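**Q** Only the shape, not the letters, is given here:
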């Protein structure tokens, strides 16, 4: 009978969350109806999560909070296969620290379920051309910037913990240097979900959006790798001395994580391409396969211990550029809508859950100075990250990042789901609990305060909003941004056009003409069947024209820095992934 | 660090399932490409689930299966709030009987997640007019039929258990009468998922489809209520004597479950109507709210201990008839596609999971005679259910259920997810484990054998396939089926047109004209704002016409048995929920 009770409890817990999401959606809608745009979905979601937390905490039957019994199984000599624990009158809902919702919702499963569609949707709606154009700056901010942030937060918080020791608020060994750097690593990444939620609706300047979103997605990987590295480092030695070998091990680990995730993401794109070459019988099957394969890239990467977020980002980017175009038009619309739906619900859900945990986690450790130090450190580190690195990347950019954009980038350091996920994974020690508490407070305040202040700040800094993501060519040519050197862009274009497109889509020149003669068999094997057919039909008429056009493209690229007319046309035709990139009027406020 | 390991294990488990679904989809697609239609998705899904089960069972590291240690916590005096168990070197994956997938996938959560969209999609694609026309027959088969099935299976299996005692294969007290009736209750319900999966593609005769699908959905509720009643009954007394009061308690319980679920389903329709009256800003919000509210009807009903399947069926039927039409056309398409997607994946998933459990459940109890008895009983009881009840309902039907259809209904007694869910909930005793084993075998064989034989059987019995769900009016009027008495149909139509439509949709006459004068305030409060506006604008011109038409409709209905021209037109306009009910050519083979 207890199974029936458990089922009812589970249903009630899911119902509570669904109700929470419904209430959040309705509230956001009502707020928007009254033109009150200050507070965003994410903030409202956290608020209602907290309301649910309060209700669960104070309306559920009282339980003795402190009756913890550690009961060693002394009768156990071997490793048992099944362990049955006799706990009379203890229902399972009392066993979990995040009860009763935590019993039903394992944070791990949630992130497995909701994070990938959010990132995927982000990658889909990303303007790929701009992303590639800004790649150098994005990578600088994401890699170098995150490491700087981590180090500065760590150092700053360590200073505050020394102050705590001086003031007698903590003992000498309570906070090690590695604990502080761990907090730095956890808090180093800005959050793609918050950035997407906040800026995709405002239609800010596309370059600013790309810089912020690209950074926020890529730095998650850096933060995850850093967290892992610091954890292993502190397990290897103490927290007070510097260990060179451990440091280089961590650096190597980091490179492996990044390259591996990139590769796995791309492998899943290739798999999708191989499957999607053959026309599927109906759009439902196409959408299902596309969705499941995209999700698999995340799961496979996480299962191997690499960073699923990085994999899913690259998988999303490459799918949007290549394999998406193999789908039928109905399947395209369905897939886009499906990711949008999941992304929307996932966003609301993750932030509600954060609000809920903030109020129901029973072992919060509030250390006032520690929290103050972290708050200060987050803003200081953000400034120390953006201003010097902007100066650095501006040296190589034709279109400099203006001062106002830099100010706004400093301001827009919202933290979110990934910081929470990293903090919630281990709450075994006092310091880790203090870290979770601090992280939750920081996430909520950055989202509420910075989120609400975004609109006024944009106006104050005089940054354009309501900009169409893909502007008209005249505007672009006068205002273009390119950090990639012309040779690199040409190389990229050749790789993209001559090899990737024929292998992954139905378009582009046949591989048999791109690859050397000796690879004829391989070329025929890898080519899309459609490309082969096309080639046979159009060999005389089209092949020459294609190569001429390609040469023209490359010549133009070298002179204009990678932003050519034919490529733009191609983007207008193929890159319409909900970006409004069709040749419509340029901007709407 | 163990959290990281757990996360990787979880990801790998989810990946395995996603891979399973991908492989199933690809196989089904390939099978269809080669025109091999004998085996359906559900059968293929079970097969690949079993393959995964074999791989997990034989490729995972060997563990001593029998090293079970019961370790009583003797040091425990009070009820602890948190219980920490020291199990050195035992990773959590070894604790669960369905490991390693079972650790990640709780069957309860799965059914909460996947079952509702499947039923909802079924309710959406149901031809409502035919369902209402066949309601009497459907209810007879679902209620009376399921009780008959349960009793006959119980009696038959009890006979076989007595035989086992005589042959010395079981002791006298091993199988009680209540155990046999419990198996009867679990196996009494035919499965909507299997029926939907099998027949929706074949386009069988619509009346046959409605009879089978309607029965299979409604009898789940009966089976759930019966299972619960028999479980409480056996907890109250022994299994050998008949207890009148317990019997009537069970009957009362059953009525409460059914009426309560119906009511809750309808309440959620009303909530959806109230929300969907106000135009939402974008289709994403509309679809999200519609989806979440529909799902809530299931969760709320399950949380109160009633039958979620019944609630979601009625909620789906009433939403499809009323509130769905309040959505914008883009939101309608999105919602339909979303349910289709979930339903498809859910179907594949549930059956894969069954196949997986069949091969990985470590405590199977195979009792050959018990299983044989159950197999025999299932077919005998199906015949004893369909033939007498068909005779009974044919007495009141204008279009009799033909002999061939009756034969096919006997044949099409596929068991599925609900039987599995009921059996898997409690595996604490030997008898319950034997029940689970028998149930799994029965489900798999009915789906494989009966599923594969469906096509040949339909041809052999000369039953039409490839029929358009909504036939042309001429065909219907000569071939119409009506079990509801003319007065009842008139009453239903008046209730539907005068009260439900104005309250739940933008169409129909304003409530101010339907309700008596004294209820003016209430009428204005309940009416859709659009209906009110319409009324004010069109009061002079339209009101008279409406009432005249309504009178005409009612007069016609009494003469033709509820199948009138205006209602048909209305269905053609409003009932197009993927049924192909647009005024296209009647049938396509």
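**A** Noted; the coordinates are in hand. On a predicted model such as this, the values are computed, not experimentally measured, just so you know.

**Q** quick one, phi psi at the nearest residue to residue A:321 once chain neighbours are set aside?
**A** The shortest distance from residue A:321 to any non-neighbouring residue, by C-beta to C-beta, 6 or more residues apart in numbering or on different chains, is to residue A:128 (5.7 Å). Any C-beta I mention is one placed from the backbone N, CA and C, and that applies to glycine too. Main-chain torsions, residue A:128, degrees, to the nearest 10: phi -60, psi -40.

**Q** I'd say residue A:128 and residue A:319 touch.
**A** No - under the criterion of C-beta atoms under 8 Å, residue A:128 makes no contact with residue A:319, lying 11.1 Å away.

**Q** Tell me which of those two has more neighbours.
**A** Applying other C-beta atoms under 10 Å in any protein chain shown to residue A:128 and residue A:319 shows that residue A:319 carries more neighbours, namely 31 against 19.

**Q** I'd like the mean pLDDT over the helix or strand hosting that one, please.
**A** Using DSSP states H and E, residue A:319 falls within helix A:308-321. Averaging pLDDT along helix A:308-321 gives 82.

**Q** what packs against that helix?
**A** helix A:107-125, helix A:128-133, helix A:206-236, helix A:244-276, helix A:283-303 (3 or more C-beta pairs under 8 Å, 6 or more residues apart in numbering or on different chains; DSSP states H and E).

**Q** Would you mind giving these as TSV with distance to residue B:453 and mean pLDDT added?
**A** Formatted as TSV, those follow (distance: least, C-beta to C-beta, whole Å; pLDDT from 0 to 100):
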stretch	distance to residue B:453	mean pLDDT
helix A:107-125	38	75
helix A:128-133	52	80
helix A:206-236	52	80
helix A:244-276	32	82
helix A:283-303	25	87
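
**Q** So which bits of the stretch 351-500 of chain A are right by chain B?
**A** Residues of the stretch 351-500 of chain A found near chain B (C-beta under 8 Å from any C-beta of the partner chain) are A:425-426.

**Q** any chance you could map the strands in the stretch 351-500 of chain A?
**A** All residues of the stretch 351-500 of chain A lie outside strands when identified by DSSP state E, counting those that start in this stretch.

**Q** Count the residues that sit near residue A:167.
**A** Neighbour tally, residue A:167, other C-beta under 10 Å: 9.

**Q** And residue A:460, by the same measure?
**A** Neighbours of residue A:460 under the rule other C-beta under 10 Å: 13.

**Q** repeat for residue A:502
**A** By the criterion of other C-beta under 10 Å, residue A:502 has 25 neighbours.

**Q** and the gap between it and residue A:223?
**A** Computed as C-beta to C-beta, to the nearest Å, the residue A:502 to residue A:223 distance reads 37 Å.

**Q** Same question for residue A:343.
**A** Distance from residue A:343 to residue A:223, by C-beta to C-beta: 21 Å.

**Q** Residue A:165 now?
**A** Using C-beta to C-beta, one gets 27 Å for the distance from residue A:165 to residue A:223.

**Q** Same drill for these two, tell me which one is more crowded.
**A** Set residue A:165 next to residue A:223 and count neighbours by other C-beta under 10 Å: residue A:223 wins out with 27 against 15.

**Q** From what I see, the more buried one and residue A:189 are in contact.
**A** Yes - contact criterion C-beta under 8 Å: residue A:223 and residue A:189 qualify, at 3.5 Å.

**Q** between those two, what contacts are shared?
**A** Shared contacts of residue A:223 and residue A:189 (C-beta atoms under 8 Å, 6 or more residues apart in numbering or on different chains): A:146, A:418-419.

**Q** shaky segments in the stretch 351-500 of chain A?
**A** For the stretch 351-500 of chain A, residues meeting the criterion pLDDT under 70 lie at A:467-493, A:497.

**Q** ranges for the helices of it?
**A** Using DSSP state H, counting those that start in this stretch, the helices assigned to the stretch 351-500 of chain A run over residues A:368-396, A:403-411, A:417-424, A:430-445, A:451-460, A:473-479, A:486-494.

**Q** just the stretch 51-200 of chain A next, same as before
**A** A:101-104, A:107-125, A:128-133, A:135-139, A:146-166, A:177-187, A:192-202.

**Q** Which secondary structure elements does the third one sit against?
**A** In terms of contacts (3+ C-beta pairs under 8 Å, 6+ apart), helix A:128-133 is packed against helix A:206-236, helix A:308-321, helix A:565-574.

**Q** and among the ones you listed, the most buried is which?
**A** A comparison of those by mean neighbour count, using mean count of other C-beta atoms under 10 Å in any protein chain shown, puts helix A:308-321 on top with a mean of 27.

**Q** okay, the angle between that helix and helix A:206-236?
**A** Relative orientation of helix A:308-321 versus helix A:206-236 (axes from the mean of the first three to the mean of the last three C-alpha atoms, to 10 degrees): 150 degrees.

**Q** Any chance you could list what contacts helix A:308-321?
**A** For helix A:308-321, the external contacting residues (C-beta under 8 Å, 6+ apart) are A:115-116, A:119-120, A:122-124, A:126, A:128, A:131, A:192, A:217-218, A:220-221, A:224, A:257-258, A:261-262, A:264-266, A:268-269, A:272, A:290, A:294, A:297-302, A:418, A:504, A:574-575, A:577, B:11.

**Q** Stretch A:440-453 too?
**A** For stretch A:440-453, using C-beta under 8 Å, 6+ apart, the contacting residues are A:38-40, A:42-43, A:46, A:187, A:191, A:194, A:198, A:351, A:354-355, A:357-358, A:361, A:371, A:374-375, A:378, A:411-416, A:419-420, A:423.
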